[in-house]
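Q: Make a model of this:
(one chain, ligands or ions: 1)
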Amino acid sequence: MKRETRIAIIGAGLGGATAAALLQREGFRARVYEQARSFERIGAGIHVSANVMKVLRHMDADHRLSQIGIHPDVFTSRKWDTGEVLFELPLGNIGEQKYGASYITVHRYDLHAAILEKIQPGTIEFGRRLTNAEFDGTVVHLRFGDGSVVDADVVIGADGVNSKVREAVVGPSASRFTGAVAHRAMYPSTLLGGMKVRNCTKWWGPSSHILIYYIEQSREEIYLVTSAKGDWHSQASWEFCSREELASAFEGFHPEVRKVIETAPEVTKWPILDIEPIDTWSKGRLVLLGDACHAMMPYMASGAAMAIEDAALLARCLLRSDDYTNAFALYQTSRMPRVTKVHRISAENTFLRSPTDPTWVFGYDATSVPLGLQQQ
Ligand SMILES: Cc1cc2nc3c(=O)[nH]c(=O)nc-3n(C[C@H](O)[C@H](O)[C@H](O)COP(=O)(O)OP(=O)(O)OC[C@H]3O[C@@H](n4cnc5c(N)ncnc54)[C@H](O)[C@@H]3O)c2cc1C
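A: The predicted structure is shown next:
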C-alpha cells in the first residue's frame, strides 16, 4: 500500500501503539488518536510471553524491558487449599531456547512505555475521543468528542473492548459483563515480613483463582490479580474494593495466599468484559485489532499478546498488499484461527493447570509467520 496513505489509529493502548510504531517504521503516515489525556501508572502487572517478546525485539523495544522485568524460572500452578504443585512449566533459559525469546512479568505501564517510545514524537493526539466514523465514498471522516473532525484513508480501530470503530464495522455491539471480577493489588514486598513467594504462581480454586508474581527483578513489589464471581453495576472501568471483600472471596485458600491478600494496603476491582465473537474484522476502509474485535477472558494472560500480534500481522499485510481491501482480507485470514483458539481456551480456564505444551502459543512469531491460513 502507498506510504502516503493517511492511516488513523484509534486508541494508543498496547495494540494501537504497536501498530503505530511498526507502520511508522515501514515509512507509513500513521497518526494516533487517544481518548485519555495521559497514561497513569496504575497498579497492574502483565505477562509478556515469548510470542510478544519477539514482536518487541523486532521493534527494538525488548532490551530495557528485559532488564526491568523479572524472568521467572518456572510458571507454577498450585492447588488453592493444599498448595500441591499441579504443574510447573520451565521458563528462564529453557523457555527461551524452546520458544525463541524470554518470558517476563513486568509492570503494565513499563510495557506500554517501551512501545510508546517507538512512536514518532508528536504523532499521538491525546484527549481525542472518537464518537463517529463516516465514509463519504472517498475518505473517512472521524468525529471526536471535542468537536474536531479528521479525514483518513484507512482507520485502524484499536479502541478496546468498548470500541466505537467496531460499531461502524458491525453495528451496535456492547461489551458484556462476564459475571467475574478481577481484584488487583500491588505493594512493597517488604510488607510480607520476609515471607518467600515464588516468582510466578497461579493458585487454582474451585470457582476462582489468584495469580501472584513479581514485576521487577528487584522483587521490591509484589502483585496479585484474581478472578472471582461478582456483580458489576457501575459505568466505571474499575473501583476501589475493601481488603475484607477480597479476603472473603478467597476464604479457605492456602495460608501463603491469605497472607498476600491480608497484607495488601489497597485493592482495586475490575469487571471482566468480553464481546460476542464477530466474524468480520473490517468494513471498507475500517479494520479492527485487539480487544476491539476479540476481547476475551484474561485466563491465558494473552489478550494483550493477541492485540500486539494482530498489530504486527496487520502492518505486514498493509506493507505487502497493493490496497487495503486485500490487506484486510489477508490479515483476517492469517489471524482468525489463532485468535479463535486462544479465545476458546481462555474461556475454558484450563491453560497450564496440568501438564501442557504451550509451544503453539509462545513459539509463534508474528514477525515472520507465513501470511494466510495456518494450521493451529
Ligand atoms: C485482570 C486482567 C489481567 C490481564 N492480564 C493480561 C496479561 O497478563 N497478558 C496479556 O497479554 N493480557 C492481559 N490482559 C488483557 C489485556 O489487558 C487486553 O487484552 C489488552 O489491553 C487489549 O489491548 P488493546 O490495545 O486491544 O486495548 P486497550 O489496551 O484496552 O487499549 C484501547 C485504547 O483505546 C482508547 N480508546 C477507547 N475508546 C476510544 C475512543 N472512542 N477514542 C479514542 N481512544 C479510545 C483507550 O483509552 C485505550 O487507551 C488482562 C486483562 C485483565 C482484565
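Q: Strands of the stretch 151-300 of the chain, residue ranges please.
A: Secondary structure of the stretch 151-300 of the chain (DSSP state E, counting those that start in this stretch): strands at 154-157, 176-188, 200-204, 209-214, 221-229, 239-241, 267-274, 282-283, 286-288.
Q: could I get the ones you listed as JSON lines with mean neighbour count and distance to Arg344?
A: Bear in mind the C-beta positions are built from the backbone N, C-alpha and C, glycine included. Below are these laid out as JSON lines (neighbours: other Cβ atoms under 10 Å; distance: least, Cβ to Cβ, whole Å):
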{"stretch": "strand 154-157", "mean neighbour count": "29", "distance to Arg344": "23"}
{"stretch": "strand 176-188", "mean neighbour count": "19", "distance to Arg344": "14"}
{"stretch": "strand 200-204", "mean neighbour count": "22", "distance to Arg344": "19"}
{"stretch": "strand 209-214", "mean neighbour count": "22", "distance to Arg344": "18"}
{"stretch": "strand 221-229", "mean neighbour count": "21", "distance to Arg344": "17"}
{"stretch": "strand 239-241", "mean neighbour count": "13", "distance to Arg344": "30"}
{"stretch": "strand 267-274", "mean neighbour count": "21", "distance to Arg344": "12"}
{"stretch": "strand 282-283", "mean neighbour count": "21", "distance to Arg344": "22"}
{"stretch": "strand 286-288", "mean neighbour count": "27", "distance to Arg344": "19"}
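Q: got a pLDDT number for the residue of the stretch 101-250 of the chain found nearest the ligand?
A: Nearest residue of the stretch 101-250 of the chain to the ligand (Cβ to the nearest ligand atom) works out as Gly160 at 3.0 Å. Predicted confidence (pLDDT) for Gly160: 97.
Q: Spit out the contact partners of Ile308.
A: Listed by Cβ atoms under 8 Å, 6 or more residues apart in numbering, the contact set of Ile308 reads Leu14, Gly15, Thr18, Val52, Val55, Leu56, Ala366.
Q: can you narrow the residues you listed to ones near the ligand?
A: Leu14, Gly15 (Cβ under 6 Å from any ligand atom).
Q: What distance do you get for the residue sitting nearest the centre point of the chain to Pro188?
A: Among the residues of the chain, Ala304 comes closest to the average C-alpha position under Cα atoms, centre = their mean, at 1.6 Å. Noted for Ala304: a distance of 25 Å to Pro188, by Cβ to Cβ, to the nearest Å.
Q: most neighbours, which of the contacts of Ile308?
A: Of all the contacts of Ile308, the highest neighbour tally under other Cβ atoms under 10 Å goes to Thr18, namely 34 neighbours.
Q: what's the nearest residue to that residue if we skip its chain neighbours?
A: Ala311 (3.8 Å; Cβ to Cβ, 6 or more residues apart in numbering).
Q: looking at this, that neighbour is in a helix?
A: Yes. Using DSSP: H, G, I helix; E, B strand; the rest coil, the assignment for Ala311 is a helix.
Q: burial count for it?
A: For Ala311, the neighbour count with other Cβ under 10 Å is 29.
Q: So it sits against Leu288, correct?
A: No. Counting by Cβ atoms under 8 Å, Leu288 is not a contact partner of Ala311; they are 11.4 Å apart.
Q: list residues touching both of the two?
A: Ala158.
Q: I'd say Tyr99 and Leu89 touch.
A: No. Counting by Cβ under 8 Å, Tyr99 stays clear of Leu89, with 10.5 Å between them.
Q: The two: which is more packed in?
A: Shown here are Tyr99 and Leu89; by other Cβ under 10 Å, Tyr99 has more neighbours (22 against 19).
Q: re the thing from before, next, the contact list for the residue nearest to Thr18, please.
A: By Cβ under 8 Å, 6+ apart, Ala311 lies in contact with Gly15, Gly16, Thr18, Ala19, Leu22, Val55, Ala158, Leu289, Gly290.
Q: repeat that with 7 Å
A: Gly15, Thr18, Ala19, Leu22, Leu289 (Cβ atoms under 7 Å, 6 or more residues apart in numbering).
Q: any idea how far Asp159 is from it?
A: To Asp159, Ala311 is 13 Å away according to Cβ to Cβ.
Q: just Glu251 next, same as before
A: Distance from Glu251 to Asp159, by Cβ to Cβ: 38 Å.
Q: neighbour count winner among those two?
A: Asp159 (28 against 8).
Q: Contacts for the biggest helix by length in the chain next, please.
A: Looking across the chain with DSSP state H, the single longest helix is helix 324-348. Helix 324-348 has contacts (Cβ under 7 Å, 6+ apart) with 1, 154, 277, 281-282, 285, 287, 294, 296-297, 299-300, 302, 306, 310, 313-314, 317-318, 321, 351, 371-374, 376.
Q: Kindly recompute the last result at 6 Å.
A: 154, 281-282, 287, 294, 296-297, 299-300, 302, 306, 310, 313-314, 317-318, 321, 351, 371-373, 376 (Cβ atoms under 6 Å, 6 or more residues apart in numbering).
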